[in-house]
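J.: give me coordinates for this.
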Amino acid sequence: MINNKIASLYYRRSIPKAAIYCYVIVLSLLYIIVVAHTPLTIYPTAAFDDALFMSLGRSLAEGRWLGPFNEFILVKGPGYPAFLALGHWLGISASMAHALLHCGAIIFFVWVVHRVHGSLLLSGLLFALLLWHPVSMTVYLLRAFRDEIYYSQVLFVLALVIWTLFCARAAGQRVFFAALSGVFLGWFWLTREEGSFIVPALVLLVVTATLPAFRRQRIRELLLVALVMFGVFAGSQIAFRAVNWLAYGAFVGVDSKEANYLRALGALHSVRSGGVRPFVSITRAARQRVYGVSPTFASLASYFEGAPGSDWVRITCDASPTACGEIGAGWFMFALRRAAAASGHYATPTKASAFFGQMSDEISVFFFRGTVDTSI
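T.: Predicted coordinates for the structure are as follows:
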């Protein structure tokens, strides 16, 4: 008898819908109450994290795009600041907005997964485990920080793509959800810089949908859905760059991924003369060598070797004692931007790109000519 009841729960709906709705609503309300009444930890001095997201969110909420251009504006994507601005427009707190997004993403994801396997028992267990997963309640995430919404975005993107490819029946419904998938993928892509990690999962889902589409002679429909999805996604990225072009005079996205900036970082990270240390991009001794071969980098020496550089060293030492005395790898990329801005090279995206491009060229030329000793 017990086994039959368990089997009925596992395979099909033997529970009244009212009980299912009550289960979902009660657990969600409990979660929202807990999170909404848990204080957020704010780090107003975290210029490239909490303070940056709140500043960008305020600018968006006030209709000023991201604000006047400087070394902060495009270092990280606007996905989370846009979320904060939306919460402001709706008149809800950041904690409440985080909780509502979290619950909405999990409810939708579990609902889509349930449509695939049909088990109420598994769906109910999955819902509870995802909702109360400890990651959403850690001290690290209970702050004005983009990681607060990142896992919810992943669930939304995966659920929308699964629904589009495997669950939607009518052609219009498939196109609508394909477009919605592109919107959420674009938002996800503009929240953190390593969004490409989701690409293999999306490719796998598309490939999995190809075989049944081929058997049913619906390849054209699948191609249309994929075209709409990735067309909307591409459109969101182009739109972001286009608004930056109107606001800052350059067709750029997140400039921490800008080609010349990455080239300059790569060139500096390649220097081995002066020794290397774990968790340090370029040592103080290596910087001294580079100053001698790159006039562009040498123009930043007063920043790195002066009081501002000492501040970065102190931050590194507090967070990573093994790297004391140096600027840690996790902070050097930001220190380089601050140094360039202090020397007047961040007036526009174009000027900043030219500065880093020249730095990269100077360092690379000496490497290739063998002028710089690259031995450890």
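J.: can you give me the pLDDT of residue 181?
T.: Here the pLDDT value assigned to residue 181 is 97.
J.: I meant residue 375, not that one.
T.: Reading off the model, residue 375 has pLDDT 43.
J.: which is the succeeding secondary structure element to the longest helix seen in the chain?
T.: Longest helix of the chain, by residue count under DSSP state H: helix 219-248. Scanning forward in sequence from helix 219-248 by DSSP states H and E, the next helix or strand is helix 259-269.
J.: buried stuff in that next one?
T.: 260-261, 263-265, 267-269 (16 or more other Cβ atoms under 10 Å). C-beta coordinates here come from the backbone N, C-alpha and C atoms, glycine included.
J.: I'd like to know how far residue 179 sits from residue 243.
T.: 20 Å (Cβ to Cβ, to the nearest Å).
J.: quick revisit: can you redo the buried residues of helix 259-269 as TSV with distance to residue 38 and pLDDT?
T.: Formatted as TSV, those follow (distance: Cβ to Cβ, whole Å; pLDDT from 0 to 100):
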residue	distance to residue 38	pLDDT
260	43	94
261	37	94
263	43	93
264	41	93
265	37	92
267	45	91
268	41	92
269	39	89
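J.: which one's more surrounded, residue 179 and residue 243?
T.: Taking neighbours as other Cβ atoms under 10 Å, residue 179 and residue 243 compare with residue 179 leading, 18 against 13.
J.: tell me which residues of the host helix or strand of that one come out buried.
T.: Assigned by DSSP H and E, residue 179 belongs to helix 171-189. Within helix 171-189, the residues scored as buried using 16+ other Cβ under 10 Å are 174-175, 177-189.
J.: how about stretch 323-331?
T.: Using 16+ other Cβ under 10 Å as the test for burial, stretch 323-331 gives 323, 326-329, 331.
J.: between the residues you listed, which sits nearest residue 39?
T.: Among those, residue 331 lies closest to residue 39 (Cβ to Cβ), at 27.0 Å.
J.: check what pLDDT the closest residue to that closest one other than its chain neighbours gets.
T.: Excluding its sequence neighbours, the residue lying closest to residue 331 (Cβ to Cβ, 6 or more residues apart in numbering) is residue 312, at 5.5 Å. We note a pLDDT of 93 for residue 312 in this prediction.
J.: could you export the helix or strand that residue 312 is a member of as PDB, CA atoms only?
T.: Taking DSSP H and E as the criterion, residue 312 maps to helix 307-319. Extracted in PDB, the C-alpha atoms of helix 307-319 (Å, rounded to 0.1, in the frame of the first residue of the first chain):
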ATOM      1  CA  ALA A 307      50.900  56.400  -1.500                       C
ATOM      2  CA  PRO A 308      48.100  55.000  -3.800                       C
ATOM      3  CA  GLY A 309      50.200  52.000  -4.600                       C
ATOM      4  CA  SER A 310      50.900  51.500  -0.900                       C
ATOM      5  CA  ASP A 311      47.100  51.400  -0.300                       C
ATOM      6  CA  TRP A 312      46.700  48.600  -2.800                       C
ATOM      7  CA  VAL A 313      49.600  46.700  -1.100                       C
ATOM      8  CA  ARG A 314      47.900  47.100   2.200                       C
ATOM      9  CA  ILE A 315      44.600  45.800   0.800                       C
ATOM     10  CA  THR A 316      46.400  42.800  -0.700                       C
ATOM     11  CA  CYS A 317      48.200  42.000   2.600                       C
ATOM     12  CA  ASP A 318      45.000  42.100   4.500                       C
ATOM     13  CA  ALA A 319      43.200  39.700   2.100                       C
END
